[in-house]
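Student: got a structure for you, letters missing:
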């Protein structure tokens, strides 16, 4: 279990006796760690939409709720580890206030280099003056018991910042917090421009996001009859389903909330992927992309084809060559490399 400074900071007010134990509380963006385990016996309700993090909690024997906690649920304290994306973070803080209204508190923490000051300003805008502690290069802030000081109009407006919304002039639906949530990612666009039209059978998209690559694949290849779309962020699945709905019933659409690094179902004819290369901390982690390549190779039938794009600087050629019989670079442009590999 790796260190988690923001998680440690979040529980400082409880560890130091500044706040009573978080009995009857909820934890939005919950992550496993020693700090959580010190207090989990107080009946915290855990929410986590990122599959690898939720799985780590499950392995520790800590179950997460299905979906998002919503009123009329009420909690005496709501703990929050906000994401980096500002609209998503504001919406999460606003929803935390809804869950704690009527005398509860909201407690939130973030690293100093990942929006801690903005988090404090946003919580003060919603709920009035907050208490603050700094440690572990992080900041933890908490409200007074919530009452008349809450800006209810701002709270309700910020909750809507996280709602699915049209993008691309209404051509697709997306949601803040997803990769390239409000645009077509140029790497994915590069790969899509090289997808052939002769693909058929069963396809898979590893890390499908809001569905751009999957839509392009299906639009170009009417011979595809089954699509397995794998995505680790639960928030992506409703918009992914909406964006692919036009291909049903001709295509059997199977959406999976799943960590691709754990492996996927086999017997696939085609795989497409723009794999992630960091885990939310903006540090390059090429091992993620290498694992996506290995999983794609294991899922494909003999003769199956893998189409992948990555940032030019990431060293994936050796892994591709080790896992596939044939490898062809489709393009090297705009800082990206696109490949086709045959099993």
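Tutor: Thanks, I have the structure now. Keep in mind that this is a model prediction, so the values were computed, not measured.

Student: show me the beta-bridge partners of the spatially most central residue of the chain.
Tutor: Per CA atoms, centre = their mean, the C-alpha nearest to the average position across the chain is that of residue 233, at 3.8 Å. Under DSSP bridges, the beta-bridge partners of residue 233 are residue 50.

Student: tell me the contacts of it?
Tutor: For residue 233, the contact set (CB atoms under 8 Å, 6 or more residues apart in numbering) comprises 49-51, 177-178. Bear in mind the C-beta positions are built from the backbone N, C-alpha and C, glycine included.

Student: JSON lines for these, including distance to residue 241?
Tutor: JSON lines is the format used below for the contacts of residue 233 (distance: CB to CB, whole Å):
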{"residue": "49", "distance to residue 241": "16"}
{"residue": "50", "distance to residue 241": "18"}
{"residue": "51", "distance to residue 241": "17"}
{"residue": "177", "distance to residue 241": "17"}
{"residue": "178", "distance to residue 241": "14"}
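
Student: and for the longest strand seen in the chain, what's in contact with it?
Tutor: Looking across the chain with DSSP state E, the single longest strand is strand 300-311. Strand 300-311 has contacts (CB under 8 Å, 6+ apart) with 187-188, 190-191, 194-195, 199, 266-275, 277, 289, 292-293, 296-297, 316, 320, 324, 330, 335-343.

Student: Throw together a ChimeraX command that grabs the buried residues out of the residues you listed.
Tutor: Here is the ChimeraX command that selects the buried residues among the contacts of strand 300-311 (16 or more other CB atoms under 10 Å):
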select :187,188,190,191,195,199,268,269,270,271,272,273,274,275,277,289,292,293,296,297,316,320,324,330,336,337,338,339,340,341,343
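
Student: okay, and for the stretch 101-250 of the chain, where does confidence drop off?
Tutor: For the stretch 101-250 of the chain, no stretch is flagged by pLDDT under 70.

Student: mind listing the helices for it?
Tutor: Taking DSSP state H, counting those that start in this stretch as the test, the helices found in the stretch 101-250 of the chain are 116-127, 152-159, 186-193, 212-220, 236-244.
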